[in-house]
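Chemist: I would like to see how this sequence folds:
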Amino acid sequence: MNFSLRRHMRPRRFFARREAKTILTRSLLGFDINMPPDGLMKKPVRLLYHRCCNSELIAVAGGTSGLGRAIIDALKSDGSYEVLVLSRRDNKIRVLNANNYSDVDQLQTLLDRNGIQAVISIFSGPLGSPGEPKLIEAAEHSSTTKRFIPSLFSGLPFTDEHSNNPFLASHVAEFAVIHPGIFMDYYVPLPTHVAVLPITVSLSAKYAAIPGSGNVPVSFRHTSSTGKYPSRLLAKPPGTWQKRYFILEDNRTWNVVVALAEKHMRVKFEVVYDSLEKTNMGEISQIPGIEVLYESFGGGGEARRFMMGWLAGYAQWMEKGHFWYQQGPLLSKEFNDVIEKLTFKKVWEIAGNESFVLRAT
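Modeler: Numbers count the residues shown, from 1 in each chain. Model (predicted):
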């Protein structure tokens, strides 16, 4: 496999508070979106070209960084799609612009005039962000848009009543929610599009606050391969999508994740274990660097209490096995012959070959 993380990704060491907030919600809850103020696509010749060449036109709401950027890179590499990005920020990958996500008519016009056949939503923000339902409504009324992948790229498999599934089912002809596991990017020192946050394990601090026993498997995947699965999903014939899919590239316990880091980095981590009794009280051990998460939610005692309770809840769910995918359908299984899984063993080998391990120690 011609796989070069150095070539396709930018190393990133420092991240703004806003990005830390975005990446946290993306990894745990699943949610990135932006848009400048002027109107529709400025190069209609692009649409004519891709119609004659039978390329499918995909709009990605957000996607200028993080998981969204990984998805865009994969769609472009596939060669079967023209990717048009909805973004508020002025950046080199912007193609489509809209004033805001509150105007359904404007969004519908944008989708129709550009011949958008499918929308992938990469919203950041709290669950139930008002932008996505408006985009879903626009897709419903669009004469060209028939498919929708919502922004709930969550490691935790939410039930339908805690997601937009009922709303999607009543507004979009075909949709699929994707659950891609926990970011492996946090736990191996490789370049990545996402901000590396100290969730359970901090490589930079050589510290781990493990929920429970640390012996319950958790499902992981690396974002560089995760972006390839929506590309394959879009290639499936109309009417064949399931309502929910999972991506599983490696099941590892937290004890093993730490052991692998210690082995390859040749250092000893400080490890503490947070019991269920402790997390039931809304408390977790403080990982060095966790302050960036408090600051991303405004800082101060209130933000700290909010984040502690949130992370304590996720620690409980991890120990109870809710992040261990034992259900299906698995995109990683369906496309196993065309997408090589990136296991912890594989990415640590890449990190060692690229000398990123030495830089992390």
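
Chemist: what comes up buried for the longest helix belonging to the chain?
Modeler: In the chain, taking DSSP state H as the definition, the longest helix is helix 300-319. Using 16 or more other Cβ atoms under 10 Å as the test for burial, helix 300-319 gives 303-304, 306-308, 310-319. Every residue, glycine included, has its C-beta placed from N, CA and C.

Chemist: between those residues, which is closest to Pro198?
Modeler: Leu311 (10.2 Å; Cβ to Cβ).

Chemist: just the strands in the stretch 201-350 of the chain please.
Modeler: Ranges of strands within the stretch 201-350 of the chain are 201-202, 207-211, 218-221, 244-246, 250-252, 270-274, based on DSSP state E, counting those that start in this stretch.

Chemist: Would you reformat the ones you listed as TSV and include mean neighbour count, distance to Phe323 and mean pLDDT?
Modeler: Listed next are these as TSV, based on neighbours: other Cβ atoms under 10 Å; distance: least, Cβ to Cβ, whole Å; pLDDT from 0 to 100:
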stretch	mean neighbour count	distance to Phe323	mean pLDDT
strand 201-202	21	14	96
strand 207-211	23	10	96
strand 218-221	25	5	94
strand 244-246	21	11	93
strand 250-252	20	10	96
strand 270-274	15	15	97
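
Chemist: just for the protein, where's the confidence low?
Modeler: Within the chain, the segments meeting pLDDT under 70 span 1-54, 63, 87-100, 124-130, 159-166, 354-361.

Chemist: Geometric centre of it: which residue is closest?
Modeler: The centroid of the chain falls nearest to Leu67 when counting by Cα atoms, centre = their mean (4.2 Å).

Chemist: you'd agree that residue is up against His193?
Modeler: Yes: counting by Cβ atoms under 8 Å, Leu67 does reach His193; the two are 7.2 Å apart.

Chemist: and for those two, which residues touch both?
Modeler: Thr223 (Cβ atoms under 8 Å, 6 or more residues apart in numbering).

Chemist: which element is the closest residue to Tyr186 other than its chain neighbours on?
Modeler: Nearest non-adjacent residue to Tyr186, counting by Cβ to Cβ, 6 or more residues apart in numbering: Val196, 5.4 Å away. Of the helices and strands defined by DSSP states H and E, none includes Val196.
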